[in-house]
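Asker: A predicted structure for the sequence below; I have some questions about it.
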Amino acid sequence: MYIEWSHVNKRFHDSAKVPSHRPYRMEFRLGLLDFTSTVRNGITAVLGPQGSGKTTLLRMTAGALVPDDGRITYHIGPNEVRGWSRSVAAIGNASSADELRKRIGYVPSKKRSRREWTLEESLYDIAEACGHLRPKVKVAEMMAKWGLAAHRKQLVKNLPEGVSSRYIVSQSLMAEPPIWLLDEPTESLDELGLKLLHEEIAERRHKGIILIATNDLQLAEVADYLLLMEGGSCRRLGQRRLLTAGVPDGRVSSWYNSMQTFAQVRTRFK
Ligand SMILES: Nc1ncnc2c1ncn2[C@@H]1O[C@H](COP(=O)(O)OP(=O)(O)OP(=O)(O)O)[C@@H](O)[C@H]1O
């Protein structure tokens, strides 16, 4: 199984930057710049400084954002290859995008839902949409697994932060997706959530592709691969063990810091 990004570009209109005396000129912010890379089964930590495009990459890979240009190809199985691009979004029927999203579990960086439903109703709705034949059983299983049962009657929008984050993680796994995308997963999780998340990641590492965008370099130690982003592009991708072998203590944080030092030196001499 692998995901291939081919020359993916994304820029955002930056309305705040449009000068009032030049209304005809549109300003942009760069999300992804000719992003080309491939990740395989296992855990890939997506690292990079603020604004380097980590969230844009995950949102787009989740099918929540349409590329301006380029294509993402998901090689899920021998008979299952799916694509995501501007033309797929424009001419593909709604179900092709929906089918793709069903194969992907996505945990966004903002782990809040504004749903007016109770936690149990909401999970039931998702379980039904995922096609579970016995949605009630699946919901009970997920609530037990993620320590949510005590909050089942609470409105999702009123859940305490830590519980809300556990709910968001649990719903991302409802369809048993072969691709799991986690954006800053440790942010806002409580102690129980962190423990459960680490267990889940360990359990799933051989079952498919896990992408973790994070500034938590301690979490990145669980990764098989590291993908370093800079300015919307892939600056490095490789096995964690090989990349970190070049720094004295073999830690991801040391490798990351050395890469940022190089980046600063490079910029200074440009
Ligand atoms: N919806 C948006 N509208 C305008 N600009 C955006 C939007 N989303 C992202 N950007 C811009 O795209 C660039 C990449 O942002 P992105 O959030 O992907 O980076 P990041 O690496 O995840 O950063 P962080 O570590 O701070 O979360 C930034 O310059 C950001 O301001």
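Answerer: Arrived safely.
Asker: Report the mean per-residue pLDDT for whichever strand or helix holds L197.
Answerer: Assessed by DSSP states H and E, L197 sits inside helix 191-204. In this model, helix 191-204 has a mean pLDDT of 95.
Asker: Just checking: what are the partner strands of the following helix or strand past that helix?
Answerer: Using DSSP H and E, the helix or strand that directly follows helix 191-204 along the chain is strand 209-213. Under the criterion DSSP bridges, strand 209-213 sits next to strand 42-47 (parallel), strand 179-183 (parallel) in its sheet.
Asker: Of all the ones you listed, which one is nearest the ligand?
Answerer: strand 179-183 (7.5 Å; C-beta to the nearest ligand atom). C-beta coordinates here come from the backbone N, C-alpha and C atoms, glycine included.
Asker: Any stretches of the stretch 101-250 of the chain with poor pLDDT?
Answerer: 111 (pLDDT under 70).
Asker: mind listing the strands for it?
Answerer: Under the criterion DSSP state E, counting those that start in this stretch, the stretch 101-250 of the chain contains strands at 104-107, 179-183, 209-213, 225-230, 233-239.
Asker: Adding mean neighbour count and distance to G51, write those strands out as a markdown table.
Answerer: As requested, the strands of the stretch 101-250 of the chain are exported to a markdown table (neighbours: other C-beta atoms under 10 Å; distance: least, C-beta to C-beta, whole Å):
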| stretch | mean neighbour count | distance to G51 |
| --- | --- | --- |
| strand 104-107 | 24 | 20 |
| strand 179-183 | 24 | 14 |
| strand 209-213 | 26 | 13 |
| strand 225-230 | 22 | 10 |
| strand 233-239 | 16 | 13 |
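Asker: Could I get the ones you listed in JSON lines, plus columns for distance to G77?
Answerer: As requested, these are exported to JSON lines (distance: least, C-beta to C-beta, whole Å):
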{"stretch": "strand 104-107", "distance to G77": "14"}
{"stretch": "strand 179-183", "distance to G77": "12"}
{"stretch": "strand 209-213", "distance to G77": "12"}
{"stretch": "strand 225-230", "distance to G77": "21"}
{"stretch": "strand 233-239", "distance to G77": "23"}
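Asker: Any chance of these in a markdown table with distance to the ligand as columns?
Answerer: As requested, the strands of the stretch 101-250 of the chain are exported to a markdown table (distance: least, C-beta to the nearest ligand atom, whole Å):
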| stretch | distance to the ligand |
| --- | --- |
| strand 104-107 | 14 |
| strand 179-183 | 7 |
| strand 209-213 | 6 |
| strand 225-230 | 6 |
| strand 233-239 | 11 |
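Asker: Tell me which of those sits nearest to H151.
Answerer: strand 104-107 (18.2 Å; C-beta to C-beta).
Asker: Enumerate the residues of the protein near the ligand.
Answerer: 12, 14, 29, 31, 48, 50-56, 215 (C-beta under 6 Å from any ligand atom).
Asker: Selection in PyMOL covering whichever of these are buried, please.
Answerer: In PyMOL, this line selects whichever of the residues of the chain next to the ligand come out buried by 16 or more other C-beta atoms under 10 Å:
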select buried, resi 31+48+52+53+54+55+56
